[in-house]
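mind folding the following:
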Amino acid sequence: MIETRCKILLVEDDELDQMAFKRFVEQSSLPYDCTIAGSFKEAQSILADRRFDIVVSDYMLGDGTAFDVLELAGSTPVVLVTGAGDQDVAVKAWKEGAYDYLVKDPDRNYLKTLPITVENAIRHSKTEEQVRLLSGAVMSTDDSVYITDMDGKIIFVNSAFCETYGYTEEEIIGQDSELLWMGTGQSDNLENTFQSGRASSSWGTGFYHKRKDQSVFPVSLSRSGIKDSKGNEVAAVGIARDVSELIFVENELRTANKELDERCRRSRELSVMALESLRRLLVEQQIDRARRVVEDFFTVAQIDAGEINLALSEFDFVLAVRRAVDSLSSFTAERGVALMSCLPDEELQISADYRRIDRTLRHLTKLAVLTARSDSHITIGVENTNSQIVVRIESDDVVIDSGQMESVFERSEWTLERITHEQNELTLGLPIAKEMIEMHGGCLWVESGDGTGNAMCFTLPKSRLRQESLIGSISSGQG
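As a prediction, this is how the structure comes out:
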């Protein structure tokens, strides 16, 4: 029986039948809150403002029929009451959407069947509403839902499934669910455990499914059984969630954490190296060189924190190279190395941080000098291309191969044992040189010829402002 009170609308134009209905409800102590409409028009007014659990309507009304009431009721279940001999009308009403019909007899015994009819109608209506809600939820969820019978045949899929797997509903219904599992990297044990129902209803990972186009993707799966009234499992619901994006994010986080750990490790090593260099230089009273180490260490810290600000300005790079060569003349003379330049006659304007580029050029040249033997020759060459300049610091002395030479620009490769006494001041400067060139949009590399010497090379983009000015001048001249 109905445990909660239900709201019933009786549409009946016969006052005696109205009274009989109310008397039966009261004498039977039925949990009904009854509202009575004596005509179709009155029922129309009531239904416009109020909702009911069920409508009981006589077929023939003074100003309409039960078919009119049926149209007004919408999703509310309607029980039709007909007179004897009106069974054809009742069947038609049932086909039109009425839940049930009762045949009115002279003694009004039909009222005795009213409680069970009302209870069944309300229960049926609530079940349909639940089915609609569940169907709407299943069809609107972003997860892929599929239902299989006990033989593993797919009997239902939602729209998300079709979108994810690439099948239409017509193509996949009736197919064996093993079709989804034919992917590489899938453990047979995992598949069998899931399909046999031994997996719990909680989400499980480690599964791979296959789309219609044969592409394989990772999924997180949940399985639950559908049981009949006797407790026997009659179908299985599988919910699949594409976790490709999740795995990508996890890998990104894992990589980022690994890079962060590596940066912390390098920073610690760099701190030890800088302190050791400072200790030695201060003991030897090499104040200027100690100051440069401090400046370089501070620059590295700014680079790691992303706080480097380049002070860009327009300057002639050819002139900058000449000044660098002149300033290093005494240093190279002490080492017994001949330093020369091979520069173009025209100006090469670039937009860059002059102080940082000048220091980078000096560090690279010093490295070439310090790693070369006496009587060696080092040449700084500058080549002008369409969009950038190429700088080559070449030595005719083969000291180390290109693989070893490139490692001196990586902070992670630097140790105090690998550098000579004179090279300590370059401990931080050379890795910084590489990063400064890259921050300017260039790149640095090392070439090693077959017995012809080493060459440290780097590129720098030419000034966009200068190029635009030249293009503007040419366009004006052509005009």
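
for the rest of this, base every contact and every neighbour count on C-alpha atoms.
Fine.

dump the C-alpha coordinates for stretch 36-50 into CSV.
Provided in CSV are the C-alpha atoms of stretch 36-50 (Å, rounded to 0.1, in the frame of the first residue of the first chain):
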residue,chain,number,x,y,z
ILE,A,36,-13.1,17.1,-7.4
ALA,A,37,-13.8,18.8,-10.7
GLY,A,38,-17.4,18.7,-12.0
SER,A,39,-16.5,19.5,-15.6
PHE,A,40,-13.7,19.6,-18.1
LYS,A,41,-13.4,23.3,-17.8
GLU,A,42,-13.1,23.1,-14.0
ALA,A,43,-10.4,20.4,-14.4
GLN,A,44,-8.6,22.6,-16.8
SER,A,45,-8.5,25.5,-14.3
ILE,A,46,-7.3,23.2,-11.5
LEU,A,47,-4.6,21.5,-13.5
ALA,A,48,-3.3,24.9,-14.6
ASP,A,49,-2.2,25.7,-11.0
ARG,A,50,-1.8,22.5,-9.2
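
tell me where the stretch 1-150 of the chain is predicted with low confidence.
Counting by pLDDT under 70, the stretch 1-150 of the chain contains low-confidence ranges at 1-3, 84-87.

repeat that for 80
Flagging of the stretch 1-150 of the chain using pLDDT under 80 yields the residue ranges 1-4, 83-91, 93-94, 127-140.

so what does the top strand by length along the chain touch, helix or strand wise?
Ordering each strand of the chain by length in residues (DSSP state E) puts strand 216-227 first. Judged by 3 or more CA pairs under 8 Å, 6 or more residues apart in numbering; DSSP states H and E, strand 216-227 is in contact with strand 204-210, strand 233-242, helix 244-283.

just put these in CSV and tack on distance to residue 442, mean neighbour count and mean pLDDT.
Below are these laid out as CSV (distance: least, CA to CA, whole Å; neighbours: other CA atoms under 10 Å; pLDDT from 0 to 100):
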stretch, distance to residue 442, mean neighbour count, mean pLDDT
strand 204-210, 43, 18, 82
strand 233-242, 41, 19, 89
helix 244-283, 23, 14, 81
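
quick one: closest of those to residue 111.
Ranking the helices and strands packed on strand 216-227 by proximity to residue 111 (CA to CA) places strand 233-242 first, at 39.0 Å.

pipe the helices and strands packed on strand 216-227 into CSV and attach distance to residue 296 per row.
Formatted as CSV, the entries for the helices and strands packed on strand 216-227 read as follows, by distance: least, CA to CA, whole Å:
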stretch, distance to residue 296
strand 204-210, 48
strand 233-242, 48
helix 244-283, 9
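
and of these, who's closest to residue 148?
Taking CA to CA, strand 233-242 is the member of those nearest to residue 148, at 5.3 Å.

assign a three-state SS to residue 213, would you?
coil (DSSP: H, G, I helix; E, B strand; the rest coil).

now it: closest residue in space, sequence neighbours ignored.
Nearest residue to residue 213, sequence neighbours excluded (CA to CA, 6 or more residues apart in numbering): residue 166, at 7.3 Å.

isn't that neighbour right up against residue 212?
Yes: the pair residue 166 and residue 212 passes the contact test of CA atoms under 8 Å, sitting 5.4 Å apart.

which ones are touching residue 227?
For residue 227, the set of contacting residues under the criterion of CA atoms under 8 Å, 6 or more residues apart in numbering consists of 233, 234, 235.

so what pairs up with the last one in the strands?
On the basis of DSSP bridges, residue 235 is bridged to residue 149, residue 226.

surely it is in contact with residue 225?
Yes: distance between residue 235 and residue 225: 6.0 Å, which falls inside the contact criterion (CA under 8 Å).

tell me which residue is most central in this protein.
The centre of the chain sits closest to residue 245, judged by CA atoms, centre = their mean, with a distance of 4.8 Å.

and the gap between that one and residue 217?
When distances are taken as CA to CA, to the nearest Å, residue 245 and residue 217 turn out to be 10 Å apart.

ok, now residue 177?
To residue 217, residue 177 is 16 Å away according to CA to CA.

so these two - more neighbours on which side?
Applying other CA atoms under 10 Å to residue 177 and residue 217 shows that residue 177 carries more neighbours, namely 20 against 17.

that one and residue 141, how far apart?
20 Å.

cool, residue 327 as well?
Distance from residue 327 to residue 141, counting by CA to CA: 72 Å.

check residue 55 too.
Using CA to CA, one gets 34 Å for the distance from residue 55 to residue 141.

more neighbours, those two?
In terms of neighbours (other CA under 10 Å), residue 55 is the more surrounded of residue 55 and residue 141; the figures are 28 against 13.

doesn't that one lie inside a strand?
Yes: read with three-state DSSP, residue 55 is one of the residues of a strand.

residue 103: neighbouring residues, count only.
Neighbouring residues of residue 103 were enumerated by other CA under 10 Å; the total is 18.

wait, I meant residue 112
The number of residues near residue 112, taken as other CA under 10 Å, comes to 11.

what helices or strands is the host helix or strand of residue 350 leaning on?
Per DSSP states H and E, residue 350 falls inside strand 349-353. In this structure, strand 349-353 packs against strand 312-316, helix 464-478, with contacts taken as 3+ CA pairs under 8 Å, 6+ apart.
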